[in-house]
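[1] Give me coordinates for this.
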Amino acid sequence: LALSPGLECSGGSQLTATMTMQFISHQFPDYHDPTIEDAYKTQVRIDNEPAYLDILDTAGQAEFTAMREQYMRGGEGFIICYSVTDRQSFQEAAKFKELIFQVRHTYEIPLVLVGNKIDLEQFRQVSSFGRKEF
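    Numbers count the residues shown, from 1 in each chain. This is a model prediction of the structure:
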């Protein structure tokens, strides 16, 4: 997820689609129609000021696309999502971070790593040590 003007979410189509739909509509989706990439726009309030967000749900696809490059170049910050129950989604998150740095030609960009499914501790594949290494 990249913050205004680009919020990018990576980490698997079901994971990111569910998180994105909850963020946009404040509802948990009953049905998921898998996509490669999907884009949304929404308005939120940050520090009591209106902020407009463009959200690019990458559906966990690590491939580089023209649309993704546009979001990466214009994004003021990024949220990268992964599932703690899926080591591959964590590895994809690391690749995604590197793509952002390559496109922006800097490491000086706000970036937040979000681990989802923390309630499924018995299925955890990503440790807190792994997150710190990120």
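
[2] Packing partners of the top helix by length along the chain?
    Longest helix in the chain by number of residues (criterion: DSSP state H): helix 87-104. In terms of contacts (3 or more CB pairs under 8 Å, 6 or more residues apart in numbering; DSSP states H and E), helix 87-104 is packed against helix 66-74, strand 77-83, strand 111-116. (Each C-beta comes from the backbone N, C-alpha and C, glycine too.)

[3] Could you check the angle the longest one makes with strand 77-83?
    This means helix 66-74. Taking axes from the mean of the first three to the mean of the last three CA atoms, to 10 degrees, helix 66-74 and strand 77-83 form an angle of 130 degrees between their directions.

[4] if you compare the helices and strands packed on helix 87-104, which one is most tucked away?
    Highest mean neighbour count among the helices and strands packed on helix 87-104 (mean count of other CB atoms under 10 Å): strand 77-83, with a mean of 23.

[5] strands paired with that one, and their directions?
    Strand pairing for strand 77-83, determined by DSSP bridges: strand 2-3 (antiparallel), strand 111-116 (parallel).

[6] now the shortest one: mean pLDDT?
    Across strand 2-3, the average pLDDT comes to 44.

[7] Figure out the helix or strand that the nearest residue to Phe28 once chain neighbours are set aside lives in.
    Leaving aside its chain neighbours, Phe28 sits nearest to Gln22 (6.0 Å; criterion: CB to CB, 6 or more residues apart in numbering). Taking DSSP states H and E as the criterion, Gln22 maps to helix 13-25.

[8] What about Asp47, how many residues nearby?
    Around Asp47 there are 5 other residues, counting by other CB atoms under 10 Å.

[9] And it, what's its pLDDT?
    For Asp47, the predicted pLDDT is 88.

[10] That one and Pro110, how far apart?
    15 Å (CB to CB, to the nearest Å).

[11] Also Asp57?
    Separation of Asp57 from Pro110 (CB to CB) stands at 19 Å.
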